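>>> structure of the sequence below:
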Amino acid sequence: MPDATPRDPSAASGGPPTAASLLDGARRPRAVLLDFHGTIVQVEPAERWVRLAAAACGTDLPADRCAGLADALVTAGRAGGPRPGRIPPELAEAYADRDLSEPAHRTAYTGLAATVDTGIDGLPDALYERLLDPDGWRLYPDTVPMLRALRAAGVPVAVVSNIGFDVLPIAAALGLADLIDHWLLSYQLGTCKPDPAIFLRGCAAVRHEPEQTLMVGDTQADAAAAAIGCPTLVLPATEPDQVHGLAAILHLLGITG
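Purely as a prediction, here's the structure:
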């Protein structure tokens with residue numbers, strides 16, 4: 001008589017675990033890889049970004065002008081923002097390499113900001129400095145509780161990020177340094193998501209096979225971890241001060257309390 005017990009289709013195919021198999025405990029992850037920006041932290045609101053950068057240049061922007069400049073600068077290209085609508089030819093190489101080189105990252109984003117006629121001397125560099133300042137970043141309210149729960153459960157955690165500069169000082173200032181075991185940053189590794197190599201490096205860092213390692217991010221580049229067998233969780237965009245749904249990680253790992 002045929003066995004009527006439902007089977008996890010991913011077990012036969014060798015693919016990543018399905019949501020059902022994770023939730024019933026059959027193949028729960030034992031380690032977590034996290035994207036950085038847009039997943040556990042978010043850049044400051046655009047108007048605050050522009051207002052404080054302008055203030056650093058000696059300009060006090062009225063609210064209406066600040067809002068207009070913020071819209072224009074985000075459209076032109078903000079690190080952590082949407083892809084620019086147009087990349088000037090002279091910035092194309094730097095933009096392509098932005099997550100592989102600190103100089104390229106700075107050149108790309110100060111150059112894009114300079115395409116907006118703000119009338120404020122030094123504003124492109126001041127905007128970039130906000131990116132390097134921990135004050136320019138915001139934790140999601142559920143980031144630290146999630147990381148503390150993972151730490152208490154003994155789950156190894158690594159950040160795997162496409163980033164063109166060192167975020168560890170920012171992480172330390174935000175209280176994350178002692179809650180994350182490993183940092184794999186694209187500009188240091190010489191490769192970016194969705195390259196499978198960066199996910200394999202992450203799995204090696206947390207010492208678990210891909211099938212046992214949950215990748216959590218906010219883009220299709222993060223979801224590409226599924227190609228090496230990692231279960232993946234892609235979270236929708238959330239404003240900086242709103243709960244981001246990170247408790248789902250604990251749910252998938254069977255961590256309660």
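
>>> for stretch 45-57, buried residues please.
46-54, 56-57 (16 or more other CB atoms under 10 Å). In this view, the C-beta of every residue, glycine as well, is placed from N, C-alpha and C.

>>> ok, residues contacting the lengthiest helix in the chain?
Counting by DSSP state H, the longest helix found in the chain is helix 63-77. Identification of contacts with helix 63-77 by CB atoms under 8 Å, 6 or more residues apart in numbering yields 46-47, 49-51, 54, 61, 81-85, 87, 95, 108-109, 112-113, 115-116, 118, 127.

>>> return the subset of the buried residues of stretch 45-57 lying in helices.
Using DSSP H, the buried residues of stretch 45-57 in helices are 46-54, 56.

>>> please settle this for me: is residue 183 part of a helix?
No - looking at residue 183 with DSSP: H, G, I helix; E, B strand; the rest coil, it is strand, so not inside a helix.

>>> those helices in this structure, which residues are they?
9-13, 19-23, 46-56, 63-77, 92-96, 102-114, 123-132, 143-152, 168-173, 186-189, 196-206, 220-223, 247-253.

>>> of all the ones you listed, which one is nearest residue 33?
Nearest of the helices of the chain to residue 33, taken as CB to CB: helix 196-206 at 4.4 Å.

>>> now do the closest one: which elements does it pack against?
In terms of contacts (3 or more CB pairs under 8 Å, 6 or more residues apart in numbering; DSSP states H and E), helix 196-206 is packed against strand 31-34, strand 157-161, strand 182-185, helix 186-189, strand 213-217.

>>> quick check: angle from that helix to strand 213-217?
120 degrees (axes from the mean of the first three to the mean of the last three CA atoms, to 10 degrees).

>>> neighbouring contacts of helix 196-206?
Contacts for helix 196-206 (CB under 8 Å, 6+ apart): 31-33, 156-158, 160, 181-182, 184, 186, 189, 191-193, 209-210, 213, 215, 224-225, 227-228, 230.

>>> having no further points to raise, I will conclude here.
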